[in-house]
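J.: Based on what follows, work out the 3D shape:
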Amino acid sequence: MFIDDCLKGIDLIMNSEILEPINLGSSEAVTINQLVDLAEEIAGIKLKRNYDLSAPKGVNGRNSNNTLIQKYLSWEPDTSLRTGLEKTYRWIYDQYLARERGEAGIVREAAAVTR
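T.: From the prediction side, this is the model:
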């Protein structure tokens, strides 16, 4: 889940009358291989993948069941995995370049500065 969705969701939940546990996450299902594919596309690289087939098997993918958050708040996180990863990758890459240039501090997104 992208951080902007997480913050909005926490704010909505904390300012609601919800008293039971509730999921806050992306309903977009993704496997580890799909996540790696996406990261490769965004970064413009190809990674070598090694699989340990003797390791314990987990679930095939991850996503959030957002039935309750939709019911109570008529809302759910809506930033796609691709969009969130693209924004995060660009931010990390900008941080890296700034540090390589010897700049101190955090480079902020243009949109974040004008909020």
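J.: tell me the average confidence for stretch 67-82?
T.: For stretch 67-82, mean pLDDT rounds to 96.
J.: Could you tell me the end-to-end distance of it?
T.: Start and end residues of stretch 67-82 are separated by 23 Å (CA to CA, to the nearest Å).
J.: Please apply the same query to stretch 44-51.
T.: Distance between the boundary residues of stretch 44-51 (CA to CA) amounts to 22 Å.
J.: for this protein, longest helix please?
T.: helix 81-100 (DSSP state H).
J.: tell me what that helix is packed against?
T.: helix 32-43 (3 or more CB pairs under 8 Å, 6 or more residues apart in numbering; DSSP states H and E). (Glycine included, C-beta is placed from N, CA and C.)
J.: for the helix it packs on, which positions count as buried?
T.: By 16 or more other CB atoms under 10 Å, the buried positions in helix 32-43 come out as 38, 42.
J.: Could you give the separation of the helix or strand following that helix from the chain centroid?
T.: Helices and strands here follow DSSP states H and E; after helix 32-43, the next one along the chain is helix 67-73. The chain centre lies 20 Å from the centre of helix 67-73; the measure is CA atoms, centre = their mean, to the nearest Å.
J.: Touching helix 67-73 from outside, list them.
T.: Contacts with helix 67-73, where a contact means CB atoms under 8 Å, 6 or more residues apart in numbering, come from 9, 12-13, 16, 18, 20, 22-24, 75-76.
J.: which of those are buried?
T.: 9, 12, 22, 24, 76.
J.: re earlier: report the angle between the axes of the longest helix of the chain and helix 32-43?
T.: In this structure, helix 81-100 runs at an angle of 50 degrees to helix 32-43, with axes from the mean of the first three to the mean of the last three CA atoms, to 10 degrees as the basis.
J.: Filter the buried ones among the contacts of helix 67-73 down to just the ones in helices.
T.: 9, 12.
J.: Which residues are in contact with Glu40?
T.: Contacts of Glu40 by CB under 8 Å, 6+ apart are 46-47.
J.: switch to 10 Å and redo it
T.: Residues near Glu40 by CB atoms under 10 Å, 6 or more residues apart in numbering: 46-47, 49.
J.: Same check on Glu28?
T.: Counted by CB under 10 Å, 6+ apart, Glu28 has contacts 1, 34, 61-64, 77-82, 84.
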